[in-house]
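>>> Fold the following for me, if possible:
(2 chains, ligands or ions: 2)
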Amino acid sequence: MFSGAEALMFSGAKAPGRSVTAMSVFSTPHPAPSGPIIDFDREASCLEIEGLTLAYGDKPALRDLTLRIPRHRVTAFIGPSGCGKSTLLRALNRLHDLNEEVRREGRIRLEGEDIHAPEVAVAELRRRVGMVFQAPNPFPMSIYDNVAFGLRLQGGIRKRQMDDIVEWALQSAALWEEVKDRLKSSAWALSGGQQQRLVIARTLAVRPEVLLLDEPASALDPISTLKIEELIRNLKSQLTLVLVTHNMQQAARVSDYTAFLQQGELVEYGSTDTLFTNPRLRRTENYITGRMA
Amino acid sequence: MSRRLPRARGEGPWPWLAAGSVALSLLMLGGLLALLAVRGLGHFWPAAVEQVALADGRLLAGQPVREERRFDGEGRERLYRTDNRDLDGGIWTWVAVEAIERVETPRELLVLERRRWGSFVGWLVAMEGVDGRHAGEAAWPALQARLAEIQALRRERDELRDRVVVPLVRRLEQEAGSRAELAEANARIRALQARMGGDTLVLESVDGRRLEQPLEEVLRAWRPNAMSPLDKLAAWGQGVWRFLAEDPRAANSAGGVWPAIFGTVLMVLLMSVVVTPFGVLAGIYLNEVAHQGPLTRMVRIGVRNLAGVPSIVYGVFGLGVFVYGIGGSLDEWFFAEALPSPTFGTGGLLWASLTLALLTLPVVIVATEEGLARVPDHQREGALALGATRMEMLTRVVLPMTMPAMLTGLILAVARAAGEVAPLMLVGVAKLAPQVPVDGDFPFLHLERKFMHLGYHIYDVAFHGGDVQAALPLVYATALLLVLVILVLNLTAIFLRHHLRARHGALPRH
Ligand SMILES: Nc1ncnc2c1ncn2[C@@H]1O[C@H](COP(=O)(O)OP(=O)(O)OP(=O)(O)O)[C@@H](O)[C@H]1O
Ligand SMILES: [Mg+2]
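Numbers count the residues shown, from 1 in each chain, chains lettered A, B, ... in the order given. Ligands and ions are numbered 1, 2, ... in the order given. Okay, here's the model as predicted:
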C-alpha cells in the first residue's frame, strides 16, 4: 500500500509551488453534493475565456464565448449533442492546433497567461491542462507503461519513484485493486470502464493543474461511475476540473458551476444549485427537465 | 427421421463460386510446388540403371526417363539416359518399346560422375592403381578406397586455393602481397595434385567398348542397383547437400548453386537495409509532416503508380544512373589507377541492390502510409494531451503501432525483389561468379563485385546450356530453392511482425 513517506517523496518531485501531497487525495472531506453556495464573484479564476469563436472550415462551432472557470472547483458543461462541448474543451489545451481547418478568434488565459502567446510551449501547456477523452484511448502498451508515459516524457524520475507515482495514480482512479497483479499486461486487454479509469490515472500521473473530462463516465457501470464522481470531488482540492456530461444528475452531484451550451453559444452559466433549481431562461429549464424538442 | 437444416435462401451460388475459386487457387499453388519438388528433388535420387537387350542383339544401359507415343502413331518409344558421351557422342537414346527383349538390373553396373564428358555407365574391368593392378571383384573396393583418398586430397587442395592462393593473387594485384609466398603455395598445390594422379580405370560399356579413365577425373562412383534404400537415401541427402553447398561446374550444368543462394540472400538483405529507412521516412513525411494539399496528393498518386512500372525500366535507370553515372564518377575520383578496367563503373552487388531498392520503394512507402493512416487520431491526441511533442508522439506511440504495417511492406518488397531477374541482368548479375561477395579480405563485403542470383541461374541453366533436357532437373531444383529462399526471408519478417504484434497489441481492424 501507499505510505505517507512515499507520498511526500512524490510531491517533492513535482511542482514545488504546490503543497498538497498525494495523500491528501484520500483525506479531503467530501463536500456535500450540492455544496455551500459559493459567491462566484469571489472565486479566483483558473481559466478565462474571452470572446472565443471557433469554426471548422466555414462551419461555426463556437460563437463568442466568454466565461471564467474558477480555480479548485468543478465546472460542468452541459448541452445537447453537437453543441460544441468537446470543441470548447479541446480549445482549452490547444488540441485544435493539429487541425489545419480550424479558425479561432478570441483569447484563453490560464492563470492570467494567454495560452496562445508565442512563448508558450504547447507541450508544457498540455501537461498542465490534462484531458480525458470521450472514448477511452489507452496506448498499446502495458498498464504500467501507460501510466508512466507522461512521466517518462519529462524524464529524470527514478524507477522507485515511478513505481510510487504509478501506484498512486491508479489508486486515485480507483483501478489499483483490479490491476495491481497484472501491471505488465497489455492495457488493451482491460474492459472499457477499466480503460477509462486507466486513462484518468495516466492523466493524473503528470499532476496537471486543470483536468478536462469529456464524458468520463459514459462507458462505466454505476459503481465505477460513483467511484469516478467521488474521485472528482476529491481532486477538487488540488486541481481545477472541467466536466462534460450528458447526465444531469451527475452534473448536479459533482459540479459547483454549470454552463449550458446550445449551438455553440453559452446560454446560461452559474452555480449548479441555481441553474438546476431556478434557471433564468426557459431554454435551460426545458433542457434540464428533458423537454427538448 | 432426422430433420434437415433449412437451406439459407437468397445466397445462391456465390458462396460455392467463392469457395471453388479458393480451392482452385490452392490446388494450382500446391501443384506448382509439388512439380518443383518432385522433379527437382528426384534428380538427386540414385535411380536404378537398366541393362536393355534389344531384338537386334544390341545392348545398352541407362536410366529410363520417359515414354512417348511414336510420332508415326505406331507403338511407343522410351527415352534412356545412357550417358557415355565420350563413347556415343550423346547421352540420350530412344528405344522402341516393342524392340526391347530383356530388361535387367545387374548389381555390378557402375556409374561414374566425371569432371569431363559427363557420367559413365558400364562395367569396371580393372583398376591400374599406383599400388598395382586390381582386377575382377577386387577392383570395386580398391576404387572406393582410392577415391576416398583422392576426395580428401581434393578438398585440401581447394581449401588451399580459396584460403591462400586467391587472396594472395588479389593482394598482388594491389602490389601488396609477396610473390615468394604465392610460389610456395602453388608448389604445395602441385604436390597435392601429383598425389591425386597415377591411377587408371579400365572400363567397358555394356556393348563391349573399352575405355581408360584416369581416376583423378572421377568425382564420385556408385553402383545404384546394389544400393539398399537406406544407402540411396544417404546418397540423396549428400546429393542435395552438394547442390546447396558447392559451386557450379561444367558451365553451370552440374554441381551446386551455393554462390547463387548467397548472392540472392545478400542482395535482398542489402536492398532491405536501403529501402526500409527511405521508404519509412518518406511514408512518415507524406502522412504526418507534409501539408495535405494538392501537391501531396499528386506525389502520393505518383508513388502508387511507380509501383506499377515494369522492372526492366528500373534496370535501365540503374544502368544509366548508378553504373555509368555514379559508378563512372567514383572510378574517376577514387579508382583512377585501375582504369580503364572499371571498379564501380560496371554492374555489381551495390548497384543491383540500389536498383531493387528503388524498385521496391513504392511498396514500402505505401505500406507505411497505410499503417500510419490506420493509427486512430485519438491515440495521437492521447499522447499530445500528456505533454508529448509531435516527435515524441510519433516515436513513442504512432511508429510502434505502425511497425507491423511497415514489416508487411518489407515482406512485399522482399518477395518482389528476390524474384526479379530482368533488371539484374543490366546492373550486375553474373553467369558465373564463384567468388562470393563476402570474404576474409578487407573490407570483407565487396560491394563492387558481380554476384550470382538464383533467378538468373535458372534462366542461364535452362537456355544457355547445350542440353535443355539434361539441365531441366537442375532448373526445377533451383526454382524450388528460389521459392524456399523467398519463403524463409518472408517467414523471418512475418515472425518479427507477429512478435511485435504480441508486444504492442494488434490494431483493431475497421
Ligand atoms: N473535426 C471536425 N471537423 C468538422 N466539424 C467538426 C469536427 N469536430 C466537431 N465538428 C462539428 O462541430 C460541432 C460541435 O461538435 P462537438 O464535438 O464539440 O459536440 P459535442 O457537444 O461534444 O457533442 P457530443 O455531446 O455528441 O459529444 C458539431 O456540429 C460537429 O459536427
Ligand atoms: Mg463531445
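
>>> Look at residue A:198 and tell me its secondary structure.
Of the three states, residue A:198 takes helix under DSSP: H, G, I helix; E, B strand; the rest coil.

>>> which ones are touching it?
The contact partners of residue A:198, by CB atoms under 8 Å, 6 or more residues apart in numbering or on different chains, come to A:136, A:138, A:143, A:146-147, A:170, A:173, A:175, A:179, A:187, A:190. All C-beta spots, glycine's among them, are computed from the backbone N, C-alpha and C.

>>> Please enumerate residues in contact with stretch B:61-69?
The contact list for stretch B:61-69, computed with CB under 8 Å, 6+ apart, reads B:47-52, B:75-83, B:92-93, B:97, B:109, B:121-122, B:205-206.

>>> Strands - which of those land there?
Residues of the contacts of stretch B:61-69 located in strands (DSSP state E): B:50-52, B:76-81, B:92-93, B:121-122.

>>> Take those and write them to a markdown table, including distance to residue B:191, pLDDT and neighbour count.
Output for those, formatted as a markdown table (distance: CB to CB, whole Å; pLDDT from 0 to 100; neighbours: other CB atoms under 10 Å in any protein chain shown):
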| residue | distance to residue B:191 | pLDDT | neighbour count |
| --- | --- | --- | --- |
| B:50 | 43 | 86 | 21 |
| B:51 | 42 | 84 | 19 |
| B:52 | 45 | 86 | 22 |
| B:76 | 55 | 86 | 12 |
| B:77 | 52 | 87 | 16 |
| B:78 | 49 | 87 | 18 |
| B:79 | 45 | 88 | 17 |
| B:80 | 42 | 87 | 21 |
| B:81 | 38 | 86 | 18 |
| B:92 | 41 | 85 | 15 |
| B:93 | 42 | 86 | 18 |
| B:121 | 34 | 87 | 25 |
| B:122 | 33 | 86 | 26 |
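
>>> Identify the farthest-apart pair in these.
Greatest spacing in these, by CB to CB: B:76 and B:122 (26.3 Å).

>>> sorry, back to before: just give me the closest of the ones in strands among the contacts of stretch B:61-69 to chain A.
residue B:81 (60.6 Å; CB to the nearest CB).

>>> tell me the contacts of that closest one?
Each residue near residue B:81 by CB under 8 Å, 6+ apart is listed here: B:62-63, B:65, B:91-92, B:470.

>>> Generate a PyMOL selection restricted to the buried subset of these.
Buried residues among the contacts of residue B:81 (16 or more other CB atoms under 10 Å in any protein chain shown), as a PyMOL selection:
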select buried, chain B and resi 62+63+91+470
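
>>> Kindly indicate which of the contacts of residue B:81 lies nearest chain A.
Using CB to the nearest CB, the contacts of residue B:81 come closest to chain A at residue B:470, 56.7 Å.

>>> element containing the closest one?
Per DSSP states H and E, residue B:470 falls inside helix B:468-504.

>>> Give the rounded mean pLDDT of that helix.
Computed over helix B:468-504, the mean pLDDT rounds to 82.

>>> Might you name the residue of the stretch 101-250 of chain B sitting closest to ligand 1?
Nearest residue of the stretch 101-250 of chain B to ligand 1, counting by CB to the nearest ligand atom: residue B:244, 58.5 Å away.

>>> pretty sure that residue contacts residue B:257?
Yes. Counting by CB atoms under 8 Å, residue B:257 is a contact partner of residue B:244 at 7.2 Å.

>>> out of those two, which sits in the more crowded spot?
Between residue B:244 and residue B:257, residue B:257 has the larger neighbour count (other CB atoms under 10 Å in any protein chain shown), namely 26 against 13.

>>> just checking, the more buried one touches residue B:242?
No. When contacts are counted by CB under 8 Å, residue B:257 is not listed as touching residue B:242 (10.1 Å).

>>> for the chain, which spans come out with low pLDDT?
Reading this off chain A. A:1-40, A:291-293 (pLDDT under 70).

>>> right idea, wrong chain: chain B
Within chain B, the segments meeting pLDDT under 70 span B:1-10, B:173-177, B:250-253, B:336, B:338-339, B:345, B:433-436, B:439-444, B:465-466, B:502-510.

>>> ok so, going back, just the contacts of residue B:81 now: which is nearest residue B:361?
residue B:470 (40.7 Å).

>>> in the helix holding residue B:470, what counts as buried?
Across helix B:468-504, burial judged by 16+ other CB under 10 Å covers B:470-483, B:485-486, B:489-490, B:493, B:497, B:500, B:504.

>>> and it, how far out from the chain's middle?
In terms of CA atoms, centre = their mean, to the nearest Å, the centre of helix B:468-504 is found 11 Å from the chain centre.

>>> Show me what that helix is packed against.
helix B:14-42, helix B:258-284, helix B:399-419, helix B:454-464 (3 or more CB pairs under 8 Å, 6 or more residues apart in numbering or on different chains; DSSP states H and E).

>>> Chain neighbours aside, what residue packs nearest to the residue of chain B found nearest chain A?
Nearest residue of chain B to chain A (CB to the nearest CB) works out as residue B:387 at 3.2 Å. Counting by CB to CB, 6 or more residues apart in numbering or on different chains, residue B:387 lies nearest to residue A:127, which is 3.2 Å off, once chain neighbours are set aside.
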